[in-house]
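Participant: I would like the atomic coordinates for the input below:
(chains A, B, C and D)
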Number of protein chains: 2
Amino acid sequence: MKPKLTLKNIAKELDVSISTVSKALRDSPEIGEETREKIKAFAKHYNYKPNNIALSLKNRKTKTIGIIIPEIVHHFFTTVISGVEKVANEMGYNVFVCLSDNSFDKEVLNMEMLANGSTDGFILSLAKETMQKADYHHLVEAINQGMPLVLFDRVVDEIACDKVIIDDVNGGKKAVQYLVDCGCKNIALISTVDYVSVGKLRTHGYKQALVENNIEINEDLILKIEQIENSEVEIEEFLKNKKVDGVFAVNEHFAISAIKTIQEQGKKVPDDVSVIGFTDGELSKRFIPSLTTVSQHGTRMGEESARLLIEKLERTPTENDYYKTIIVETELVTRNSTKSKK
Amino acid sequence: MKPKLTLKNIAKELDVSISTVSKALRDSPEIGEETREKIKAFAKHYNYKPNNIALSLKNRKTKTIGIIIPEIVHHFFTTVISGVEKVANEMGYNVFVCLSDNSFDKEVLNMEMLANGSTDGFILSLAKETMQKADYHHLVEAINQGMPLVLFDRVVDEIACDKVIIDDVNGGKKAVQYLVDCGCKNIALISTVDYVSVGKLRTHGYKQALVENNIEINEDLILKIEQIENSEVEIEEFLKNKKVDGVFAVNEHFAISAIKTIQEQGKKVPDDVSVIGFTDGELSKRFIPSLTTVSQHGTRMGEESARLLIEKLERTPTENDYYKTIIVETELVTRNSTKSKK
DNA sequence: TTTCAACACGAAAACGTTTTCGTCGCAGCA
DNA sequence: TGCTGCGACGAAAACGTTTTCGTGTTGAAA
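Facilitator: Numbering: from 1, shown residues only, chains lettered A, B, ... in the order given. Predicted coordinates:
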């Protein structure tokens, strides 16, 4: 194991000073051609790579961004990471990935871990627990420290920062409108509890669509699920003895559980009941019947988030600054769990 | 935006020297009780956190490990990350996640990015292209530089390092044996081209199981898929007019495509044909019929990899060192795509 | 009174860079 | 000869830590 090649080593080897080596490698005109060539040749031959840590310390920036997500075993977040990675790498940044496991404490811990100089800024989707507690002091602190922050998907109005969201209301509306257009009269909603902002918003969209179509909102047709683990039975209970011909679920799992239940009741999807999910994952694509869903374009959200963050990082703070919110359009991907439009 | 709190700032504020502050915070007995308390109180009040970058530079270790995976939008790799994250965090490490997109060049680039001091070591699953080219110079280089490396899943004999794999041969064998036990006589294999080591090994297992059960190997019943994108049609072509009563697919996508095709042919799964997949993802669980699969225990692989790496990092290099290969047992998860055993 | 340990603290080096500011030698000029 | 200017390089500070090695002040022992 050879000792790591440093400027100092090169300098000693070539009998010049450290500064000369540094300048030569950065093509400074201060250095004579001969010396420069010699140094560059040597560096290349021994594959010199400047030490990133030292650079980070010197420049007081790490060229690293952190992303904290509630859970990685979730296709949507995975696509977001993939988007972040892509533009981050293109711009010469590294990505720290941290998982909060939907726990407030882990989220705070992760932020502390990343905020002590390891990253220049971060991208975050709030943990469920955090939204529940509505405790955002760690975010405020980070921002006060001058750490740029981009919130995506699970965002919160209380925090002033850049945000990337989808139009959940509109997405929900689109879905329900489509169901209406397919001729559905009794449309059920399977959502989450209200402190998960996306659940709330999609519920809004559901209601708006109904209102706009002069369909009465029937609270009996709305299910709010608390624990994902228990969702299957809850959905089964919920759909039992209900006369519905359309179901809008706020994620693909709920949608699939609904389809299962419906089929077990001897009804057909989409002939008897049309089902639409949210979040376009592998499951939606390959399930039989394949699922009509509202796609969130996770990759695009990741890309936009990263771009937003890096933009802010590379701008001099003196420039007039304000916070942007980027809304990534949702898209209704129609497949086989819905009847065709009338 | 307050200036970042550093030892120097504290020292000036409290009119002591930097070293005194540092020592006080680290509870050195050198410092008098009174001063120590004063400093600690001050630091706590203003929420002082030592700068990680400076620490990394000083200690010449970053407490960071990198993981490079071929694709993140793949449930198996996601679970691995999750496992790595878990034990890394427990041991006070951060995790850099990089994606090679199955490209050799991106893999090399990622390694260079991480090897210049950013990480203490890494965990890697080889890109498809890398295995195809069989060019491992970047791995050798990293190892020579003294960078510990753990290979997982897609490993390669040529490189001497720690490895975490599953027993693909045995996994394949288990699956096929199970099919045989269910009474299947004509068992097809849907695999990948041979340079993907796991495909090759699982194929081995398939053959072994057949041999052990005195069933003749029929090459016509073996499909090797080159391009994932085209797999559906290939599988459809392949299964057309074939009299099979069992299918072993080396991943869940192939398995599901097979089921689709079989059903379209008017046959029933599992009544007419039993199907087993590999890799236990969301798809397997929720598909109808739910898929019997060979589970790879991705989380455990991630955990083992991280443990292996960190162990090596924290051991003094003088100790007697050798490379381990950990084999994570596969597990046959029986669900509804197979008949019950006779 | 002198000496010496114990105590409490500070100076400085080191990690690997970049960059500012010398400084030295030499050529050109009056 | 004596200046000036310039080309080519080196010294040193700085980024924020930790740690080794002083150093000055005590109090007590001789």
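Participant: what's stretch A:256-271 in contact with?
Facilitator: Contacts with stretch A:256-271, where a contact means Cβ atoms under 8 Å, 6 or more residues apart in numbering or on different chains, come from A:182, A:190, A:231-232, A:235-236, A:239-240, A:247, A:249, A:272-273, A:275, A:277, A:283, A:287, A:289, A:291, A:336-339, B:286, B:288. Where you see a C-beta, it was placed from the backbone N, CA and C, and this is true even at glycine.
Participant: tally of neighbours for A:S340?
Facilitator: By other Cβ atoms under 10 Å in any protein chain shown, 11 other residues sit near A:S340.
Participant: chain neighbours aside, what residue packs nearest to it?
Facilitator: Nearest residue to A:S340, sequence neighbours excluded (Cβ to Cβ, 6 or more residues apart in numbering or on different chains): A:C182, at 7.2 Å.
Participant: what's near enough to touch that neighbour?
Facilitator: A:G246, A:P270, A:S274, A:T338, A:K339, A:S340, A:K341, A:K342.
Participant: what's the distance between A:G83 and DNA strand D?
Facilitator: 32 Å (Cβ to the nearest atom of the strand, to the nearest Å).
Participant: can you flag the buried ones in the contacts of stretch A:256-271?
Facilitator: A:182, A:190, A:231-232, A:235, A:239, A:247, A:249, A:273, A:275, A:277, A:283, A:287, A:289, A:291, A:337-339, B:286, B:288 (16 or more other Cβ atoms under 10 Å in any protein chain shown).
Participant: tell me the SS of A:T203?
Facilitator: Here A:T203 is recorded as helix under DSSP: H, G, I helix; E, B strand; the rest coil.
Participant: please tell me how far it sits from A:V250.
Facilitator: 8 Å (Cβ to Cβ, to the nearest Å).
Participant: now stretch A:259-272 - C-alpha only, PDB.
Facilitator: In PDB, the C-alpha atoms belonging to stretch A:259-272 read as follows (Å, rounded to 0.1, in the frame of the first residue of the first chain):
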ATOM      1  CA  ILE A 259     -59.200  -4.500  -6.700                       C
ATOM      2  CA  LYS A 260     -58.600  -7.700  -4.800                       C
ATOM      3  CA  THR A 261     -61.500  -7.100  -2.600                       C
ATOM      4  CA  ILE A 262     -63.800  -6.200  -5.500                       C
ATOM      5  CA  GLN A 263     -62.800  -9.300  -7.300                       C
ATOM      6  CA  GLU A 264     -63.400 -11.400  -4.300                       C
ATOM      7  CA  GLN A 265     -66.900 -10.000  -4.100                       C
ATOM      8  CA  GLY A 266     -67.400 -11.500  -7.500                       C
ATOM      9  CA  LYS A 267     -67.300  -8.200  -9.300                       C
ATOM     10  CA  LYS A 268     -65.100  -7.300 -12.300                       C
ATOM     11  CA  VAL A 269     -62.600  -4.600 -12.700                       C
ATOM     12  CA  PRO A 270     -63.100  -2.500 -14.800                       C
ATOM     13  CA  ASP A 271     -66.400  -3.800 -16.000                       C
ATOM     14  CA  ASP A 272     -68.300  -3.400 -12.800                       C
END
